[in-house]
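**Student:** Got a sequence here, can you build the structure:
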Amino acid sequence: MLDLACGSGELLCTWARDHHVTGTGVDISTVFLAAAQARAIELDVAQQVGFIHGNASDHVADDPVDIGSCIGATWIGGGVAGAVDLLRRSLRPSGTMLIGEPYWRREPPDQDTVTGL
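**Tutor:** Numbering: from 1, shown residues only. Next comes the predicted model:
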């Protein structure tokens, strides 16, 4: 599995635990990567996952992956279509792509709330 802009590594780590996948997360934030490493240790999956400090917008896996994901960070490709193109470069032809975007479940009450989040 390849998780682009993996953030705190939650998706990759829990999939490693629950589905026994192996994989790599890529993120530009050293703060997030430290949290991802800690989460991998906490879930006892540090041998199954690894994390790379780098710009996910130009990362291509050394070997094709079965699962490619970009959850909540399609901005790395300039939008959903660009994220699809980024993931496609690393995905095995029969692989699965996961893309997700955050959304408001209800309209925020004011701009201060939006800014605060």
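**Student:** now for the helix ranked longest in the chain, which elements pack on it?
**Tutor:** In terms of residue count, the longest helix belonging to the chain (DSSP state H) is helix 30-42. Packing contacts for helix 30-42, counted by 3 or more CB pairs under 8 Å, 6 or more residues apart in numbering; DSSP states H and E, involve helix 10-19, strand 23-27, strand 49-53. No exception for glycine: its C-beta is placed from N, CA and C like everyone else's.
**Student:** And these: which comes nearest residue 41?
**Tutor:** With CB to CB as the criterion, residue 41 lies closest to helix 10-19 of these, at 9.3 Å.
**Student:** Just the CA trace of that closest one, in PDB.
**Tutor:** Extracted C-alpha coordinates of helix 10-19, given in PDB (Å, rounded to 0.1, in the frame of the first residue of the first chain):
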ATOM      1  CA  GLU A  10      -3.700   6.400  10.800                       C
ATOM      2  CA  LEU A  11      -5.100   4.800   7.700                       C
ATOM      3  CA  LEU A  12      -1.900   2.900   6.900                       C
ATOM      4  CA  CYS A  13      -1.300   1.700  10.400                       C
ATOM      5  CA  THR A  14      -4.800   0.500  11.100                       C
ATOM      6  CA  TRP A  15      -5.000  -1.300   7.700                       C
ATOM      7  CA  ALA A  16      -1.700  -2.900   8.600                       C
ATOM      8  CA  ARG A  17      -3.200  -4.100  11.900                       C
ATOM      9  CA  ASP A  18      -6.600  -5.000  10.600                       C
ATOM     10  CA  HIS A  19      -5.900  -6.300   7.100                       C
END
